[in-house]
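Student: no sequence on this one, just coordinates:
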């Protein structure tokens with residue numbers, strides 16, 4: 001069958017997604033990764049049927065990461081495509097190995113490596129996999145953050161897990177391994193389908209996440225401790241709040257950001273989304289059509305602005321990134337089709353919740369603003385493809401000036417100058 005490789009492991013592992021036609025390469029890949037302390041899960045002897053599909057979903061959810069071996073045969077396989085879509089939809093980190101053919105469209109924004117000629121992955125690729133397999137223990141300074149203390153005081157474990165994921169890049173399987181929960185239980189807690197009230201469970205979570213005594217006290221008392229006098233520490237450096245203003249996180253690449261902030265974690269509970277960019281793949285490809293539909297149908301207001309596929313600016317960007325003429329334009333036509341189909345399926349009274357616009361200006365940033373609170377800004381650098389560019393995460397802070405208002409103005413001015421569809 002297509003889709004799963006053979007073998008199994010206990011604990012943290014990498015799920016390998018591939019076509020059976022490429023089994024010989026995957027066998028070599030398996031031996032190579034295991035020799036470098038990367039355990040993988042693969043089993044080509046599972047029978048088709050309901051249990052087979054349930055096992056695939058369970059394994060993808062529990063995986064620390066998914067590696068996709070990209071070939072024309074795998075691209076033509078509905079099973080392989082379904083597994084990749086499931087991994088992207090559930091926020092599991094996905095990395096690609098290009099064995100033959102072209103890079104798949106839905107994997108272009110993510111990390112991939114060219115292994116044509118049956119080469120094995122580089123040490124850097126293997127190191128990235130090992131980082132996913134490692135336990136995502138939060139750094140000690142995380143427990144001093146005001147937002148974390150508020151979450152602990154309210155005993156909102158779902159939000160706590162989301163913050164741990166965004167801070168450490170940990171997957172549900174990794175957080176579960178630390179806290180004595182299954183990956184499915186972590187996923188249910190994160191999405192609000194399960195709550196944690198048992199003192200024993202809270203204690204296991206506190207121990208697994210290595211909460212210091214002050215954080216544990218806040219969790220178990222259900223209230224924040226009275227503020228203590230700030231201790232002055234002599235230093236030549238300015239406080240982080242001055243150095244970084246309202247920037248709360250920086251990621252070197254977009255794939256690193258997507259790992260830390262999977263699309264479902266960003267958008268599932270949003271009530272307002274303003275987004276502008278080149279193609280908005282994070283919403284149109286990495287987030288499901290069903291998710292977009294459910295957001296708009298439930299009242300979430302979205303204003304989505306893409307670069308005009310027939311404009312001059314997208315042609316300029318194609319030349320700068322070294323693409324063939326029409327490459328980026330065709331991707332934008334595809335994404336616009338996705339958004340229009342979702343909007344056309346909505347009840348008439350909900351269609352205004354999904355507003356789509358085009359603009360034709362030199363692309364400088366992707367800007368995503370969620371609930372007038374969180375901003376994601378991704379610059380476009382000269383002669384580099386967007387996936388290689390850094391990402392800033394910015395949170396509105398009424399107490400001081402920063403970059404949030406700057407990027408909010410960028411979106412508003414570009415939206416007002418765009419063309420509504």
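Tutor: That came through fine. Fair warning: this is a prediction, and the values are worked out from it, not measured in the lab.

Student: would you say residue 302 is within a strand?
Tutor: Yes: using DSSP: H, G, I helix; E, B strand; the rest coil, the assignment for residue 302 is a strand.

Student: what's the pLDDT at it?
Tutor: Note for residue 302: predicted pLDDT of 95.

Student: pretty sure it contacts residue 294?
Tutor: No: look at residue 302 against residue 294 with Cβ atoms under 8 Å: they stay out of range, at 11.9 Å. Placement of C-beta: from N, CA and C, glycine included.

Student: more neighbours: those two, which one.
Tutor: Neighbour count, other Cβ atoms under 10 Å: between residue 302 and residue 294, residue 302 has more, with 22 against 13.

Student: roughly how far apart are the more buried one and residue 336?
Tutor: The gap separating residue 302 from residue 336 is 14 Å, by Cβ to Cβ, to the nearest Å.

Student: what's the answer for residue 99, then?
Tutor: The gap separating residue 99 from residue 336 is 31 Å, by Cβ to Cβ.

Student: shaky segments in the stretch 201-350 of the chain?
Tutor: Applying pLDDT under 70 to the stretch 201-350 of the chain picks out residues 222-244.

Student: can you give me the helices in it?
Tutor: Using DSSP state H, counting those that start in this stretch, the helices of the stretch 201-350 of the chain run over residues 213-221, 240-244, 254-260, 263-267, 281-284, 289-297, 312-321, 327-345.

Student: can you name every helix or strand that the fifth one contacts?
Tutor: Counting contacts by 3 or more Cβ pairs under 8 Å, 6 or more residues apart in numbering; DSSP states H and E, the secondary-structure elements packed against helix 281-284 are helix 263-267, helix 327-345.

Student: now those helices as TSV including distance to residue 419 and mean neighbour count?
Tutor: As requested, the helices and strands packed on helix 281-284 are exported to TSV (distance: least, Cβ to Cβ, whole Å; neighbours: other Cβ atoms under 10 Å):
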stretch	distance to residue 419	mean neighbour count
helix 263-267	24	20
helix 327-345	12	17
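
Student: so for residue 40, which of these sits nearest?
Tutor: For residue 40, the closest of the helices and strands packed on helix 281-284 is helix 263-267, at 24.4 Å, according to Cβ to Cβ.

Student: now for that closest one, which elements pack on it?
Tutor: Other elements packing on helix 263-267 under the criterion 3+ Cβ pairs under 8 Å, 6+ apart are helix 78-90, helix 157-168, helix 281-284, helix 289-297, strand 365-370.

Student: do that again at 7 Å, thanks
Tutor: Helices and strands touching helix 263-267, as assessed by 3 or more Cβ pairs under 7 Å, 6 or more residues apart in numbering; DSSP states H and E, comprise helix 289-297.

Student: the helix it packs on - contacts with which helices or strands?
Tutor: Using 3+ Cβ pairs under 7 Å, 6+ apart, the elements in contact with helix 289-297 are helix 263-267, helix 327-345.

Student: mind putting these into CSV with distance to residue 166?
Tutor: Compiled in CSV, those are given as follows (distance: least, Cβ to Cβ, whole Å):
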stretch, distance to residue 166
helix 263-267, 7
helix 327-345, 25
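
Student: can you give me the strands for the chain?
Tutor: With DSSP state E as the criterion, the chain has strands at 3-4, 14-18, 40-41, 65-70, 94-98, 112-114, 247-251, 272-276, 301-307, 354-359, 365-370, 374-379, 391-395, 419-420.

Student: now residue 382, nearest residue through space, not along the chain?
Tutor: Nearest non-adjacent residue to residue 382, counting by Cβ to Cβ, 6 or more residues apart in numbering: residue 320, 6.9 Å away.

Student: that neighbour: how many residues sit nearby?
Tutor: Residue 320: 16 surrounding residues under other Cβ under 10 Å.

Student: any idea how far residue 362 is from it?
Tutor: According to Cβ to Cβ, residue 320 and residue 362 sit 10 Å apart.

Student: what about residue 76, how many residues nearby?
Tutor: Residues lying near residue 76 (other Cβ under 10 Å) number 13.

Student: any idea what sits nearest it, other than its immediate chain neighbours?
Tutor: Using Cβ to Cβ, 6+ apart, the closest residue to residue 76 is residue 19 (8.0 Å).

Student: residues contacting residue 192?
Tutor: Residue 192 makes contacts with residue 158, as judged by Cβ atoms under 7 Å, 6 or more residues apart in numbering.

Student: and residue 359, what's its pLDDT?
Tutor: So, for residue 359, pLDDT stands at 93.

Student: give the bridge partners for it, please.
Tutor: Note on residue 359: beta-bridge partners by DSSP bridges are residue 307.

Student: before we move on, what about the one 10 residues further on?
Tutor: In this structure, residue 369 has the following beta-bridge partners (DSSP bridges): residue 274, residue 375.

Student: what's the separation between the residue nearest to residue 382 and residue 272?
Tutor: Going from residue 320 to residue 272 by Cβ to Cβ gives 32 Å.

Student: for residue 262, same thing?
Tutor: To residue 272, residue 262 is 20 Å away according to Cβ to Cβ.

Student: these two: who's more crowded?
Tutor: Higher neighbour count among residue 262 and residue 272: residue 262, with 25 against 16, using other Cβ under 10 Å.
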